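>>> mind folding the following:
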Amino acid sequence: MPEPTTTRSCEDCFFTAWSFCLKVDNLWSRVYTVTDSEAKTATHAVLAAVLRVRDGQLEALLWRRARKPYAGSWSLPGGILEEDETLEESVRRHLAQKVDVQELSHLEQLETRSEPGRNPARRELATAFLGLVPTDADPDLPDDTRWHSLDALPELAYDHEPILLSARDRLRGKLSYTNLGFALAPAEFTIAELRDLYAAALAHRVSATNLQRVLLRRGLLEPTGGRRHYGQSGGRPAALYRFRSRELRITDQFAVFRPPSGGPPSEAPPTMAR
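Residues are numbered from 1 along each chain as shown. Okay, the predicted model is just below:
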């Protein structure tokens, strides 16, 4: 007699098929993981173009690199973005740890650079920020960090010079149509002192009378009630003002501070164009 045929139950067939699907799923998971890992070849850096006005000049904070590439060259402070932090958290951390800048009066994202060859050592994206420090602030800088006038910049590493000039242009533009002057100014100031800050940042002469008229008309300034006394031979005491708000807001989106045209440079006011 022929041997009886063994009949597999539906339950056996189900478990066999389920086991096979698990093996296929695990195989594709390993393939996907390897592919995803290999695709993440670019690191992400954050950079800070930190600016201030001091002694009539717009200055940038730079630090000298100690490692290759560009060892010994000046660069913008920054570093690698960690997995557990946002871009802003990262740039604030690097500023605090590397150059001891812990308080900024303003910080905003500027641009992201993704040129494949911008870092000769590796594929790297870089997101740059504009940071501002008031004129009366003096961070305790390490030995490898220094303020440099934007009129006399050293040769900078990577693509940091165009990033820095982009930050300068962003600042100049926003001084025209926002209240961003608060980030450069001390808590209290005279109109003449504020005029000097604007002139240094804009790189052209500014009329104190015209600046006062524009900013008061926009409701950005208010008198403190105090006066600046210059001593017996320093002239009349000057009224002190402050910005009503130290948070960024748009005040006149079409306004532009233009350089003076015609007349003696020391007397000609800037043109407000729309």
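>>> just name the shakiest helix or strand of the protein by mean pLDDT.
Least confident element among the helices and strands of the chain, by mean pLDDT, DSSP states H and E: helix 10-39 (a mean of 47).
>>> just the helices in the stretch 51-200 of the chain please.
87-99, 160-177, 191-202 (DSSP state H, counting those that start in this stretch).
>>> which non-adjacent residue is nearest Glu103?
Taking C-beta to C-beta, 6 or more residues apart in numbering as the measure, Glu103 lies nearest to Ala137, with 7.0 Å between them; neighbours along the chain are not counted. Where C-beta positions appear, they are placed from N, C-alpha and C, glycine not excepted.
>>> just the pLDDT for that neighbour.
Looking at Ala137, its pLDDT stands at 92.
>>> pull the number of nearby residues for the residue nearest to Leu180 when sequence neighbours are not counted.
Excluding the flanking residues, the one nearest Leu180 by C-beta to C-beta, 6+ apart is Lys174, at 4.4 Å. Lys174 is flanked by 20 other residues according to other C-beta atoms under 10 Å.
>>> from Val133, how far off is Lys174?
Look at Lys174 and Val133: by C-beta to C-beta, to the nearest Å, they are 16 Å apart.
>>> for stretch 81-97, which positions count as buried?
Leu81, Ser90, Val91, Arg92, His94, Leu95 (16 or more other C-beta atoms under 10 Å).
>>> I'd like those residues written out as JSON lines, with distance to Leu165 added.
Formatted as JSON lines, the buried residues of stretch 81-97 follow (distance: C-beta to C-beta, whole Å):
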{"residue": "Leu81", "distance to Leu165": "23"}
{"residue": "Ser90", "distance to Leu165": "23"}
{"residue": "Val91", "distance to Leu165": "19"}
{"residue": "Arg92", "distance to Leu165": "23"}
{"residue": "His94", "distance to Leu165": "21"}
{"residue": "Leu95", "distance to Leu165": "20"}
